[in-house]
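**Student:** Could you work out the structure for the sequence below:
(one chain, ligands or ions: 1)
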Amino acid sequence: MTPALLRVEELVAGYGKPVVGPVSLTLEPGEVVGLWGANGSGKSTLLNAIAEQADILSGRIRRAPALTLAYQAQHPVRLATLPLTGAEFLRYADASSTGMPAALQRGLRRRIDRLSGGEYQLLCVWAALAGHAELVLLDEPTNNLDPERETLLVEMLAPGRAAPGVAVRATRARRAVLVVSHTRAFLERVCSRVIEITGC
Ligand SMILES: Nc1ncnc2c1ncn2[C@@H]1O[C@H](COP(=O)(O)OP(=O)(O)OP(=O)(O)O)[C@@H](O)[C@H]1O
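**Tutor:** Here you go, the predicted model:
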């Protein structure tokens, strides 16, 4: 049996005081699992706890030994001025551009501080998925995306599920992805399971 990458057991997490939980989930290699819930229910806090950026108040998180993690926050940081091309950005993330959709490749030669919000958002998600992390945490990855770019995102996360003619592969077989969204329909398109998150 393949060992789980992540086990969250009866976890209550927060910032000094409880915000989310108790929640339990297991993430196996290759899975794409959704976390869905209302604004303020604690979805980001759960990701923060997994990334050791929020307090574990009870329960526990078990990670596979030496688990590598990429965390795409809800509002990806972007400096106002940063003379770095998309290709250099991917190089710093140690991520390949192989299989990248043409619409994204156009950004490889452009400075990242001159990309649109949606273009930058998708480049960041690609960097997380095409890098070496075994567990990828994505918080509201549809932010700033128009329907066409959202379809590319679906194909990046779940190859074969988007519109005919879109063929993108950024997801590796062993990689697991935990995706936060308050849009249930998006999660249903990309996830094998969707877990509802409720606050404390
Ligand atoms: N750093 C922090 N310190 C204290 N409280 C916080 C902190 N970050 C978030 N919270 C609180 O935790 C609660 C849950 O916030 P969180 O961002 O986890 O919810 P969410 O489900 O991701 O919300 P949304 O869908 O609006 O992004 C909120 O009441 C928020 O004010």
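**Student:** In a strand, Ser24, correct?
**Tutor:** Yes - with DSSP: H, G, I helix; E, B strand; the rest coil as the criterion, Ser24 is part of a strand.
**Student:** Can you give me the pLDDT of it?
**Tutor:** With respect to pLDDT, Ser24 has a value of 96.
**Student:** how about the residue nearest to Val33 when sequence neighbours are not counted, what does it touch?
**Tutor:** Of all residues not flanking Val33 in the chain, Arg193 sits nearest, at 5.0 Å (C-beta to C-beta, 6 or more residues apart in numbering). No exception for glycine: its C-beta is placed from N, CA and C like everyone else's. By C-beta atoms under 8 Å, 6 or more residues apart in numbering, the residues touching Arg193 are Glu31, Val33, Gly34.
**Student:** Compute the distance between the second one and the ligand, please.
**Tutor:** Val33 sits 16 Å away from the ligand, taking C-beta to the nearest ligand atom, to the nearest Å as the criterion.
**Student:** Flag the least confident of the contacts of Arg193.
**Tutor:** Glu31 (93).
**Student:** Tell me how far that one lies from Ala80.
**Tutor:** 37 Å (C-beta to C-beta, to the nearest Å).
**Student:** that older thread, most neighbours, which of the contacts of Arg193?
**Tutor:** Most neighbours among those, by other C-beta atoms under 10 Å: Gly34, with 25 neighbours.
**Student:** Show me what the host helix or strand of that one is packed against.
**Tutor:** Following DSSP states H and E, one finds Gly34 within strand 32-36. Using 3 or more C-beta pairs under 8 Å, 6 or more residues apart in numbering; DSSP states H and E, the elements in contact with strand 32-36 are helix 43-50, strand 176-181, helix 184-190, strand 193-196.
**Student:** With respect to the ligand, which of those lies nearest?
**Tutor:** Across the helices and strands packed on strand 32-36, the ligand has its closest neighbour in helix 43-50 (3.4 Å, C-beta to the nearest ligand atom).
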